[in-house]
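got a structure for you, letters missing:
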């Protein structure tokens, strides 16, 4: 009935178009003098004689040695017919190109609160929040149009509380909560690495264009976080009993936390870095010119990095906290707060054991000129891993740390003193011990990127000498070969 139940309902819709954001809608560049007609001859006429940052082979005056992949990228077009790599809009030094594209943000929110008097001594309340949002970012990794990032977010929040009056001196309150924050990002650019001539050894999969950064000029391709999916679920239960006994107000209770973090970052498309625009046009590996190199000890592709597989981690942790607090009114002017909290914080684990850690105690150096045996490599697997592994491969508890459950006793004390009958002056002091739970991002997320479940290479400078614009990435194991326990 109306006398027993109260409720509130609201809905909010947001539709936003923003072309003024310097972070995602506006880009101003100092582009090299790229002509509108992109042939070897026209490019050679402008850039002929220029070398990469470290010297070596120069671009031929007729453009005959311009890398075919660079030529394909310069002639690639967006769906609207514009060049992926634009030409300057004005002549002269300084900023010569500006692009302004509107970003879009849509959100639908729903919120409701319900309070119900179940009886003279019972009250139930519930709050629920629902939100779906969508972002269309014109610029994310790239600094030129054509590589938008689409991001979807879902938020759910539910809180329930039940309060019961047990007596004139005792109240019990039970609380339960659930929070879900989910996100998914996509990069819809139709341009692929294979379509412009970038290939990978031992990798037939069609992949998006890698993020290509040309220092001092531009970036094309999507950022690594433009292809990502995460889900963060949090569960909460608590019960508190409040007692009033003379000068003492006591509170005793317990809390239980359960957290889940699901993540699937996609860094398989890779990143490339060129130190100059002529380096990009040449795109040659290091080595003598007679062998097809650029005549220096460094490739024109200064950095190449990529991951072999998309890790799908389902991380979980549980914590239980117990507490007792006494507000003791010693006198009319002095109150003491005595408290004690015991936190039992469980460390994170992966639901399917798809993480690994390095333990120096089980590492055995390989013989000179030989290989480390997988069993003695130092890597350990969690006890809940059910996949293939060599007999005798080291195992640890599911959290892969020495203390799977950390106990934190936390005493606390506080004093409130009013030194005179005046209520204008109050002196407060206190002391307590507090503990923070370890973040998923600070530990277990990184473990999901360890062998044998992931393999990444980040080659810089001399380590990337063999890289060329046509074959920029190192040879990586096929995704079907994971988990890769053994020699690469």
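In hand now; what should we look at? Keep in mind that this is a model prediction, so the values were computed, not measured.

For the rest of this, base every contact and every neighbour count on C-alpha atoms.
OK.

And the residue of the chain most remote from its centre, how far from residue 333?
Residue farthest from the centre of the chain, counting by CA atoms, centre = their mean, is residue 421 at 56.0 Å. Here the criterion is CA to CA, to the nearest Å. By it, residue 421 lies 8 Å from residue 333.

just residue 25 next, same as before
For residue 25, the distance to residue 333 - CA to CA - is 60 Å.

With neighbour numbers in mind, choose between those two.
residue 25 (21 against 14; other CA atoms under 10 Å).

All the helices of the stretch 51-200 of the chain, in order from the start?
68-75 (DSSP state H, counting those that start in this stretch).

how about the strands in it?
Assigned by DSSP state E, counting those that start in this stretch, the strands in the stretch 51-200 of the chain fall at 51-52, 55-58, 97-100, 103-119, 122-137, 149-167, 170-186.

Name the nearest residue to residue 262, sequence neighbours excluded.
The shortest distance from residue 262 to any non-neighbouring residue, by CA to CA, 6 or more residues apart in numbering, is to residue 314 (4.5 Å).

Number of residues surrounding residue 216?
Count around residue 216 with other CA under 10 Å applied: 14.

Please disregard the earlier target; I meant residue 385.
17.

Using the three-state scheme, assign the closest residue to residue 385 other than its chain neighbours.
In space, and not counting its chain neighbours, residue 385 is closest to residue 353: 4.1 Å by CA to CA, 6+ apart. With DSSP: H, G, I helix; E, B strand; the rest coil as the basis, residue 353 sits in coil.

quick one: residue 353 and residue 381 touch, right?
Yes - applying CA atoms under 8 Å, one finds residue 353 in contact with residue 381, separated by 7.4 Å.

residues contacting the residue nearest to residue 385?
381, 382, 383, 384, 385, 386, 398 (CA atoms under 8 Å, 6 or more residues apart in numbering).

Roughly how far does it sit from residue 383?
Taken as CA to CA, the span from residue 353 to residue 383 is 7 Å.

list residues touching both of the two?
With CA under 8 Å, 6+ apart, residue 353 and residue 383 have common neighbours residue 398.

quick one: low-confidence parts of the stretch 301-450 of the chain?
440-445 (pLDDT under 70).

Strands of that one, residue ranges please.
303-307, 313-329, 334-346, 349-350, 357-363, 377-382, 395-396, 405-417, 427-432.

how about these in JSON lines, adding distance to residue 70 and mean neighbour count?
Formatted as JSON lines, the strands of the stretch 301-450 of the chain follow (distance: least, CA to CA, whole Å; neighbours: other CA atoms under 10 Å):
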{"stretch": "strand 303-307", "distance to residue 70": "16", "mean neighbour count": "23"}
{"stretch": "strand 313-329", "distance to residue 70": "37", "mean neighbour count": "20"}
{"stretch": "strand 334-346", "distance to residue 70": "52", "mean neighbour count": "19"}
{"stretch": "strand 349-350", "distance to residue 70": "43", "mean neighbour count": "27"}
{"stretch": "strand 357-363", "distance to residue 70": "41", "mean neighbour count": "15"}
{"stretch": "strand 377-382", "distance to residue 70": "41", "mean neighbour count": "22"}
{"stretch": "strand 395-396", "distance to residue 70": "48", "mean neighbour count": "16"}
{"stretch": "strand 405-417", "distance to residue 70": "54", "mean neighbour count": "16"}
{"stretch": "strand 427-432", "distance to residue 70": "63", "mean neighbour count": "11"}
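
nearest to residue 5, of those strands?
The minimum distance between residue 5 and the strands of the stretch 301-450 of the chain falls on strand 313-329, with 32.7 Å, by CA to CA.

and the closest one, how far from the chain's centre?
On the basis of CA atoms, centre = their mean, to the nearest Å, strand 313-329 is displaced by 27 Å from the centre of the chain it belongs to.

From the contact counts, what lies against that strand?
Here strand 313-329 is seen to pack against strand 248-263, strand 334-346, strand 349-350, helix 444-447 when contacts are counted using 3 or more CA pairs under 8 Å, 6 or more residues apart in numbering; DSSP states H and E.

any idea how far the third one is from the chain center?
Pointing back at strand 349-350 there. Worked out by CA atoms, centre = their mean, strand 349-350 lies 17 Å from the chain centre.

can you list contacts of stretch 175-182?
153-162, 229-239.

ok, residue 419 to residue 207 distance?
73 Å.

Comparing these two, which residue is more hemmed in?
residue 207 (18 against 13).

Got the confidence number for the more buried one?
Residue 207 is assigned 81 on the pLDDT scale.

isn't it right next to residue 195, touching?
No - look at residue 207 against residue 195 with CA under 8 Å: they stay out of range, at 9.5 Å.

Against residue 181, how distant is residue 193?
Relative to residue 181, and taking CA to CA, residue 193 is found at 33 Å.
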